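Q: from the sequence below, what's the structure:
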Amino acid sequence: MSEISTQTPEGGTPIAGPDPVYLENPVLDATVRMLVELSAQVWIERERRLALEAVLEQRGLLPREAIESFRPDEAQLAHIKAERGRFIEDVFKELRRIPVRDTQG
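A: The predicted structure follows:
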């Protein structure tokens, strides 16, 4: 194996495994993971919504004004709340992976 293939583009040794650590501070590392997860999910949702809105409008099924003026009913609000909870869990899961140190001992 050549020296080049065992190095990262930045010159360091790649960190592999089920829980790679990229920064010295685990909280900062988890925060970066959260930001990446959040950014990925936001873009996926935005891209799907833009596609859906465009298809609905092109087919004459839903004018753009109807989207802007939509107000959910109680069942829809419950579904939105459940989805929001899942979203928050996905984004903040990395913080729960940080080992908690015993400060009383």
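
Q: quick check: longest helix in this protein by residues?
A: helix 26-58 (DSSP state H).

Q: from the chain's centre, how far out does that one sit?
A: 6 Å (C-alpha atoms, centre = their mean, to the nearest Å).

Q: packing partners for that helix?
A: Using 3 or more C-beta pairs under 8 Å, 6 or more residues apart in numbering; DSSP states H and E, the elements in contact with helix 26-58 are helix 64-68, helix 74-96. (Each C-beta comes from the backbone N, C-alpha and C, glycine too.)

Q: got the buried residues for that helix?
A: Applying a neighbour-count criterion of 16 or more other C-beta atoms under 10 Å, the buried positions in helix 26-58 are D29, A30, R33, M34, E37.

Q: give me the distance between Q41 and K93.
A: 12 Å (C-beta to C-beta, to the nearest Å).

Q: now the phi/psi pair for L23, please.
A: With angles defined as degrees, to the nearest 10, L23 sits at phi -120, psi 160.

Q: tally of neighbours for it?
A: 11 (other C-beta atoms under 10 Å).

Q: what's the nearest residue to it if we skip its chain neighbours?
A: D29 (4.4 Å; C-beta to C-beta, 6 or more residues apart in numbering).
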